[in-house]
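> Build me a model from this:
(4 chains)
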There are 4 protein chains.
Amino acid sequence: MAKKETGSGLYDTKIEALGKAKIPTPLPKCRFTGDSETVTLHLSDEEFSELAAAPRPFQFEKAGPRELLYFDTSKVKCAIVTCGGLCPGINDVIRAIVMEAHHNYHVASVLGVRFGLQGFIPAYGHEVVELTPEAVADIHQFGGTVLGSSRGPQPSDAVVDALERMNINVLFMIGGDGTMKAAKNLVNEIKKRGTKISIIGIPKTIDNDISFITRSFGFDTAVEKATESIQCAHVEATGAFNGIGLVKVMGRESGFIAAQAALALKEVNFVLIPEHLFELEGQNGLLPALERRLEKRGHAVILCAEGAGQNLCGISKQTDASGNPVLCDVCDLLTSSIKDYFKKKDIEITLKFIDPSYIIRSVPANAYDRVYCGFLGQNAVHAAMAGKTGMVVTRLQSRYVHLPLKLVTRKRKKLNTNCDYWRAVMESTGQMLPQAPSGKE
Amino acid sequence: MAKKETGSGLYDTKIEALGKAKIPTPLPKCRFTGDSETVTLHLSDEEFSELAAAPRPFQFEKAGPRELLYFDTSKVKCAIVTCGGLCPGINDVIRAIVMEAHHNYHVASVLGVRFGLQGFIPAYGHEVVELTPEAVADIHQFGGTVLGSSRGPQPSDAVVDALERMNINVLFMIGGDGTMKAAKNLVNEIKKRGTKISIIGIPKTIDNDISFITRSFGFDTAVEKATESIQCAHVEATGAFNGIGLVKVMGRESGFIAAQAALALKEVNFVLIPEHLFELEGQNGLLPALERRLEKRGHAVILCAEGAGQNLCGISKQTDASGNPVLCDVCDLLTSSIKDYFKKKDIEITLKFIDPSYIIRSVPANAYDRVYCGFLGQNAVHAAMAGKTGMVVTRLQSRYVHLPLKLVTRKRKKLNTNCDYWRAVMESTGQMLPQAPSGKE
Amino acid sequence: MAKKETGSGLYDTKIEALGKAKIPTPLPKCRFTGDSETVTLHLSDEEFSELAAAPRPFQFEKAGPRELLYFDTSKVKCAIVTCGGLCPGINDVIRAIVMEAHHNYHVASVLGVRFGLQGFIPAYGHEVVELTPEAVADIHQFGGTVLGSSRGPQPSDAVVDALERMNINVLFMIGGDGTMKAAKNLVNEIKKRGTKISIIGIPKTIDNDISFITRSFGFDTAVEKATESIQCAHVEATGAFNGIGLVKVMGRESGFIAAQAALALKEVNFVLIPEHLFELEGQNGLLPALERRLEKRGHAVILCAEGAGQNLCGISKQTDASGNPVLCDVCDLLTSSIKDYFKKKDIEITLKFIDPSYIIRSVPANAYDRVYCGFLGQNAVHAAMAGKTGMVVTRLQSRYVHLPLKLVTRKRKKLNTNCDYWRAVMESTGQMLPQAPSGKE
Amino acid sequence: MAKKETGSGLYDTKIEALGKAKIPTPLPKCRFTGDSETVTLHLSDEEFSELAAAPRPFQFEKAGPRELLYFDTSKVKCAIVTCGGLCPGINDVIRAIVMEAHHNYHVASVLGVRFGLQGFIPAYGHEVVELTPEAVADIHQFGGTVLGSSRGPQPSDAVVDALERMNINVLFMIGGDGTMKAAKNLVNEIKKRGTKISIIGIPKTIDNDISFITRSFGFDTAVEKATESIQCAHVEATGAFNGIGLVKVMGRESGFIAAQAALALKEVNFVLIPEHLFELEGQNGLLPALERRLEKRGHAVILCAEGAGQNLCGISKQTDASGNPVLCDVCDLLTSSIKDYFKKKDIEITLKFIDPSYIIRSVPANAYDRVYCGFLGQNAVHAAMAGKTGMVVTRLQSRYVHLPLKLVTRKRKKLNTNCDYWRAVMESTGQMLPQAPSGKE
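Numbers count the residues shown, from 1 in each chain, chains lettered A, B, ... in the order given. Presented below is the predicted three-dimensional model:
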């Protein structure tokens, strides 16, 4: 099959390689993926509003095992590093990489770099660990990351120094937006040096806000876990007169967890997300709407993404270790506003606030995410052994594909509030807060 | 937008309607779906091997609320019937239909027909029940179907008689392959009579074997639940010398649950599915492979779809109440074959058999399936109110679409054993049983 | 059997009755409990340190169905009220009372009083609800209380007015220490009026701090649920360099949940409870101990009862609606102290705080508590029908008994830190913080 | 305190020791248990019907750490063996023994004997494993036994040979009735040889049928897990017209799991246990009662202990590897009897049978059992180090005590059907099957 055009310009979907693949694979004879096979996908504006201007359809390089490899796998040394916040499924991805690399490609070694990019910097003194199949056999039963993680960047040259020092041929980087950007920088540094190290990303974001990534691994588990807390908020709300349950979930710049959890648990009455600005007071405000709800039903549940309502409290200029802006605590604001509002009106309420964030992100992956993580890990190894670099593996519309790093780091994904999905959330909650005009953005 | 061609001939994707939609919707002003909007999808041979000969890409009618309706919804009487075996999420679909129909379309009434198609036949004496929002508010917390179910067909004319007698305008049918065929017959009978009743199907199949349906609702929950039993089988297997855990899961003609569960729980060593014929004895046989596994590791887990290995025991000519062939009990056969084999070799083994079928299918839906069921129910109501008929709602590649009944009932979906997915199962289990020649097919 | 002496003076275990039981029970012929049957129990100082001075053994009136009753049950009107904070199992107790009263005693009616003692006060305008077997059939599947609750007392005469107005013969009160005191006041008011209303308490306290009550219902579920959050804290702690997980659990004056959860999940390194004073700094302080732990293992989990460490922050004089002192927020104090301590020492740490309180108390009861709640409800009805009053039902050393209200309200139960149980906690955590001298109490 | 008399004759509660304890413990200074401390317990006939003729109250030796030990613990070599069927919590007990022995007594070594008593017999070729704290750190997260198990006895002299060969000083035996008898035989063999090996039993029985053991570890978890299957049976029963759910649970000679699960899940209508004989046909028969239930409610759930109804099918003379009689399959009998009965009456029914046995017993322990197992393991080590032998550790009425092996192996515990507990089951289910006359026993 002739190599099809895989996009161009801004949306170029071409994948880089360290060199020509010409070494036969040690994989048992199976169904190989041709290196020029592509997947044609009609990505929807609804799902990827950030792609509105992009040409369609997209042609992506198909993930899968190649018959010819770039590396002599028996001599390959791999490394895995996990960065940023926890997310269900990290250990599953680690396990899948180790199992695939050892059992199918018989690599020389897979090393685990400890505590994120810090692990490459000698000053921190973190030892690398050998990841054998025995060592990782049961890790998928536990949440978190057996390697440990840290936030924030480290100098690219220091990281590449470390890779060279340890003779690493392939680095698998599991992390979010910032980590994928760091990966891009590593690729550039490696190119500059003319060395041959493959950098393969596996995008991790519990907020589900990476562009081109429909559903990042761990998201489904996080939503499932979040619904448990929302159910508790509902129980608390109904257990008191004019009971209000307020639940905060992750979602710094996008409200995917909140929206999905609201669809999964029909007890939510208000879903507040960063993409949908709202007002507190006035005809269209949250507080009068809450009052009407209490009058009618006697209880209410509010589900709030951590990044919602930033317009209400003045956007901070501070940033955290990963370079993300420090958010104002919208749930603090909501709590005091709600209490004041009803106190002024002399209406007795009981407000219970639940913040389940760390509980949601540190549980083991559910079956759905385990399967997903398994495929990501396997395909990451397939790509690496074929000499691919500067790319991530993901699933798009049920197909596993390779995406260039620069595509996924162009822009953060946001929930399209002008789509069927958000309409369904509105229908399901009965919430009718109009999008407020954004005075500040 | 001009109405695009939506396929033709065998794979015609055109949706029938009872008549022209011209009544304004009572839905609050929102984002409506244009009646001629289509979704372009490149369905993959890998996922739908039964579509190998079909033209690509497909154009499907997009699901969603229409601005103009066929029915004056305030006068509409709906009915819901649930048929066939249990499946997680049925109550979620019922609830979503009732909530959407009442809260957004303000229909006159939604009736629940009890115990499947039997509920239409006066001789059985089952009363219909009124499904109000209050009555269904909590039903999603429970597995099964609040309406009850039954297997097998009933005469189309008797069912349509009942629909006319009760002045039903819309019938939502939740059921499997057989039910969708029954739905088609009802559509024909209704057309013959010139009456105006919409028949909307919501495909339900825990085996995931309906054509064009990527993942039927409840499947994800079933897999998740199945993994718990497989984990127990693994514990039992490792708890004894040469321990063997044998787990039977649903899958009469297709091994989707078995395959997916094996990917989700890495402890499975052999996955037996109907699509992959295998032999017991001989060089490529299961029993010698099992012996090798025990020698090497001291324990093994076999996951067996109920319809696997039918070539080994002679296919029965009997059929059950739903018209499905009665299967031979392959796990009985495996149990005795395994015991005999190792007894002859004087090798001590401990075999534990687990059949979790009813436990898997009768649990409440997980978060993933709840969201899915909610969309199915909402979109089914949208379609019905617009006067659509003879169709089902489903999600394909993350998009909700309408499919003609005749498309989904053409052929059963089977797992493509020549695809990346099955290869991943083979890689994950390390199972290397070659596909046996089929002497009989 | 002759009526045995059941204690005297302060520890008098005699149960009051409204009058002589002489009406035959409608219960099917079964094994009845003789009204003078007692249970001899050697209560241990270790478990009940507050009973250290009490005479032994105790003789308690045995719970169970009586052959002769005080009430003509077919004319009896019962009421149930639930007070104070949520606790797993409240709905189970309500359900058990309703089922027993209706199915076995065929009472005229069981009313549900809404939102705690407020429900008796006309000014609040809460309607009572009829609790039929159908209405309560599924409520045990849900956490919380279907009746709603509120905190704080209401005037006894107003409550008794309401009971008389509604012709209530029996009031079942599910609540904590404060509610049991309110119950005592109601008994006195009823006696003063010479009316015949039975008051039966079912002690509810998620803190497990009611005297003579070994394990209050819901405690086991709460501990089980708490362990999930602690596991998450452990995952977070190990996922970062020098990671510290800090978990707050309920326990205002006693550390039972914290201690039991630490025994259930071996990942806890420090358990802080109100009964064991500790210091932050100095040789025996928590902070240096935490530093030693991090040096040795690189991560730590601290489990803190909300009432721990009050000596560190100055005891407040404020009280909440239930009359309990407002506690200082010890976890705030710990968080800032820990951060300061390690910042001063220039040691990088990552601290994650989890407060799962509402998640713990609002879940449905587990199997253990369901069985327990069932017995409490049944025995409460048996006692009421026999004309008992001013008492609670409970289980002591596997036996169900009646306790006078005045016994259980004498003193709050505290964890005996000089016992095998607390020693086991110390052994299990490896925590060696000596009990600090109490400078302030 | 003077040593109190601890019983005599048949019910002698005196504990044997290898010799006088006179070596100081390495335990940190803590609250020690005096060697002559006893616990006075009024065991109830209701709970222990097999003790009806025993003198009361009982005085048991109190469990706990001793200040003086028999062994110089730093030189002690321990071994652990797990026998018989799986049960939740075995790994917790193993872990607790290893942690206590290593961390607090600093023993030289703890060995794990593999696959039950077979592990002592060289012919089987099973290697022993070293159980270090690191090796067992996470095993409580998994069901089953990391050591593996087997059924059936092995010659005592061969086992003691092995113990001597490996220089074992203490053997911890985790197993059921048969294992405790084997333990007694080992004690005798050891005495005969004049060697000094301590044998400490930790009774394990998922049937909860060991005398003097109120609640064996894992029982609570098993019940909890069983209720999930029963809930599924209920869902299946209500999902069909005249639906019947039949669930089989463990309970060869005693119906504790069945009874407790029925109390925990109120959906059970008939509980069949070995202690309560019943008839199928006739006025008092199960089948007519089932018919009445279906007429009234349209569905029914039957919960059947595997040893129930043996009078109906003729008692077998065969025994299994552990020496237990082979039971007839009462659920097979029920299935065919029910089908025949209703077929004859031309009543349509749908019967669903669920056998969750292996799923129930192979799950990890819940929080309740984890705490319990932790205490059992710790106290077993305390006893062993003090030189105790021929005993088991258990909890009776919330107190941890030592029991002589001969006491717990005298007789199997059965559920007293003439007690409050069974009456509560009858009340809860509404089942009114009278105890059938036992024609055969």
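
> give me the number of residues near A:Pro437?
In terms of burial, A:Pro437 registers 10 neighbours under the definition other Cβ atoms under 10 Å in any protein chain shown. From N, CA and C alone the C-beta is placed, and that goes for glycine too.

> Can you pull the residues of chain A lying near chain D?
By Cβ under 8 Å from any Cβ of the partner chain, the part of chain A that sits against chain D consists of A:138, A:141-142.

> List the ones among these that fall in helices.
Using DSSP state H, the subset of those located in helices is empty.

> Return the subset of the residues you listed lying in strands.
With strands defined by DSSP state E, no entry of those lies inside them.

> can I assume A:Arg361 is in contact with A:Cys87?
Yes. Under the criterion of Cβ atoms under 8 Å, A:Arg361 is in contact with A:Cys87, at a separation of 5.7 Å.

> Overlap of the contact sets of the two?
Among the neighbours of A:Arg361, those also in contact with A:Cys87 (Cβ atoms under 8 Å, 6 or more residues apart in numbering or on different chains) are A:206, A:218, A:222.

> which of those has the most neighbours?
If you count neighbours using other Cβ under 10 Å, the busiest of those is A:Ala222, which has 32 neighbours.

> Please name the nearest non-neighbouring residue to it.
The spatial neighbour of A:Ala222 that comes closest, neighbours along the chain excluded (Cβ to Cβ, 6 or more residues apart in numbering or on different chains), is A:Ile360 at 4.9 Å.

> Helix or strand for that neighbour, just tell me which one.
For A:Ile360, the host element (DSSP states H and E) is helix A:357-361.

> With A:Lys296 instead?
Taking DSSP H and E as the definition, A:Lys296 sits inside helix A:286-297.

> separation between the residue in chain A that chain D sits nearest to and C:Ser156?
Using Cβ to the nearest Cβ, the closest approach of chain A to chain D is made by A:Gln141 at 6.3 Å. Using Cβ to Cβ, to the nearest Å, A:Gln141 is found at 55 Å from C:Ser156.

> between those two, which one's more packed in?
Each of A:Gln141 and C:Ser156 had its neighbours counted (other Cβ under 10 Å), and the higher figure belongs to C:Ser156 (20 against 16).

> so that one touches C:Ala182, yeah?
Yes. If you go by Cβ under 8 Å, C:Ser156 and C:Ala182 touch, sitting 7.3 Å apart.

> if we can go back for a sec, give the burial count for the residue nearest to A:Ala222, as a bare number.
27.

> how about it, what does it touch?
Shown here is A:Ile360, whose contacts under the criterion Cβ under 8 Å, 6+ apart are A:206, A:222, A:225-226, A:229, A:249-250, A:257.

> Repeat the analysis, applying 10 Å as the threshold.
The contact partners of A:Ile360, taken as Cβ atoms under 10 Å, 6 or more residues apart in numbering or on different chains, are A:86-88, A:206, A:218, A:221-229, A:249-250, A:257, A:261, C:232.

> if we can go back for a sec, could you list the buried residues of the helix holding A:Lys296?
In terms of neighbour count (16 or more other Cβ atoms under 10 Å in any protein chain shown), helix A:286-297 has its buried residues at A:286-287, A:289-291, A:293-294.

> and A:Arg361 and A:Cys87? which has more neighbours close in?
A:Cys87 (31 against 26).

> Residues of the stretch 301-441 of chain A that sit close to chain B?
When proximity is defined as Cβ under 10 Å from any Cβ of the partner chain, the stretch 301-441 of chain A approaches chain B at A:365-375, A:378-379, A:382, A:396-400, A:417-428, A:430, A:432.

> In strands, which of these appear?
In this view, these that belong to strands under DSSP E are A:396, A:399-400.

> tell me the SS of the residue in the stretch 51-200 of chain A positioned nearest to chain C?
In the stretch 51-200 of chain A, the residue that lies nearest chain C is A:Gly144 (3.8 Å; Cβ to the nearest Cβ). When states are read from DSSP: H, G, I helix; E, B strand; the rest coil, the local structure at A:Gly144 comes out as coil.

> Using PDB, list the CA coordinates for the helix holding A:Ile360.
Output of helix A:357-361 as PDB, limited to C-alpha atoms (Å, rounded to 0.1, in the frame of the first residue of the first chain):
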ATOM      1  CA  SER A 357      -9.700  14.400  44.900                       C
ATOM      2  CA  TYR A 358      -6.900  12.200  46.200                       C
ATOM      3  CA  ILE A 359      -9.300   9.400  46.700                       C
ATOM      4  CA  ILE A 360     -10.300   9.500  43.100                       C
ATOM      5  CA  ARG A 361      -6.900   9.600  41.500                       C
END
